[in-house]
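Participant: Take a look and give me a structure for this.
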Amino acid sequence: MDLIETFGAKIGALSEEKPQRARQLLTAGFRANGVKNKLASKRSSKSDRMLFQLVNRAMVTCLAKPQSNVMVSLFTPCEMLHLQGLHPYSCEGFSSYLSGAMAEQPFLHQAEDTGIPNSLCSYHKVFIGAAQMGLMPKPRFILSTSLACDANTLTFRHLAQFYDVPHFNVDIPFESSPQAVDYVAGQLRQMGEFLTRQTGLPLDDGQLARTVARSQRTMALYHRGLRLRAGRQVLSDLTRSCSAPPPSTSSWAPRRPRPTPGSCSGRSPPLPPPRASSCSGFTPPPTGWPPCGTCSPRAPGSRWPPAT
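Facilitator: Here you go, the predicted model:
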């Protein structure tokens, strides 16, 4: 961990004086982390390794190829962006990587020193600070939705003003209904028109339909995987974070402890010790963590949270 702490401190120090150099060093570090994962991750599952490489490449690309970057919030539908050869990246995901590299503190302080309230989402504050200090390159434009927190509307509007780039936001109603579906569908059509104006490239309806169909097949397979894993303990970087501190061999391990299932009520029994750790990184818990007492493998009828 001393190496990662030193690396994070160097990123923070460089960002204050030479943000371009800090960006280059961070890019090199992320690339090295990807190589390390390929060489040393035989104990982790194939799906974990694939996911790590996919996310790691996304983090490298958002730093190294800003001309194709589109900043997005979590849960923004990105099929249209992929069709136009654009690279969407999540500011929350990037903040997670900065935290894992132990480089987040200077950016948190930067955001708060410029008037961002300390009650705002930490992931958003880290990214805002990184943008203000020049670490993050300017995106072509920004897409966001109102899911899944109120900070989204404020953060991405602020970043659009800071970078002076176009911004399109999809407002998601709180409850599902036929009227709500029509409302969101209309906004998605408007988002397609927005993309065409920004890129000058029309969207091909046939290609879009095939891309969306692939996304739907992916979700169907994901739900099938959840059913197959029901009642089984499948340790991964996500589930291991519930039961033990981050292993010393983990790459980019966040320092802050993560909430454990049952910790707020004490109803769940202790989780078993983790097996041999993978080195694919240590990720934050998923959104929508199950209620206390539902995810311990020792609870009758329980379901273990799925791996990433």
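
Participant: What residues are bridge-paired with residue 141?
Facilitator: Judged by DSSP bridges, the bridge partners of residue 141 are residue 70.

Participant: What degree of burial does it show, as a neighbour count?
Facilitator: Counted with other Cβ atoms under 10 Å, the neighbours of residue 141 add up to 21. Using the backbone N, CA and C atoms, a C-beta is placed for each residue, glycine as well.

Participant: And it, how far from residue 153?
Facilitator: When distance is defined by Cβ to Cβ, to the nearest Å, residue 141 is 17 Å away from residue 153.

Participant: Give me the distance between the two termini of stretch 65-83.
Facilitator: 17 Å (Cα to Cα, to the nearest Å).

Participant: what sits up against that stretch?
Facilitator: Residues from elsewhere that reach stretch 65-83 (Cβ atoms under 8 Å, 6 or more residues apart in numbering): 61-62, 85-93, 137-145, 147-148, 152, 155-156, 159, 170, 188, 191-192, 195, 203-204, 207-208, 211-212, 215, 287.

Participant: Just the residues you listed: which are in strands?
Facilitator: Judged by DSSP state E, those include 87, 88, 89, 90, 141, 142, 143, 144, 145, 170 as members of strands.

Participant: Adding distance to residue 128, write these out as CSV.
Facilitator: Formatted as CSV, the ones in strands among the contacts of stretch 65-83 follow (distance: Cβ to Cβ, whole Å):
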residue, distance to residue 128
87, 21
88, 19
89, 15
90, 14
141, 17
142, 13
143, 17
144, 14
145, 18
170, 21
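
Participant: so residue 180 is in which element?
Facilitator: Residue 180 is part of helix 178-199, with elements assigned from DSSP states H and E.

Participant: That helix - contacts with which helices or strands?
Facilitator: Applying 3 or more Cβ pairs under 8 Å, 6 or more residues apart in numbering; DSSP states H and E, one finds that helix 178-199 contacts helix 79-83, strand 167-170.

Participant: Of the ones in strands among the contacts of stretch 65-83, which count as buried by neighbour count?
Facilitator: For the ones in strands among the contacts of stretch 65-83, a burial check counting by 16 or more other Cβ atoms under 10 Å picks out 87, 88, 89, 90, 141, 142, 143, 144, 145, 170.
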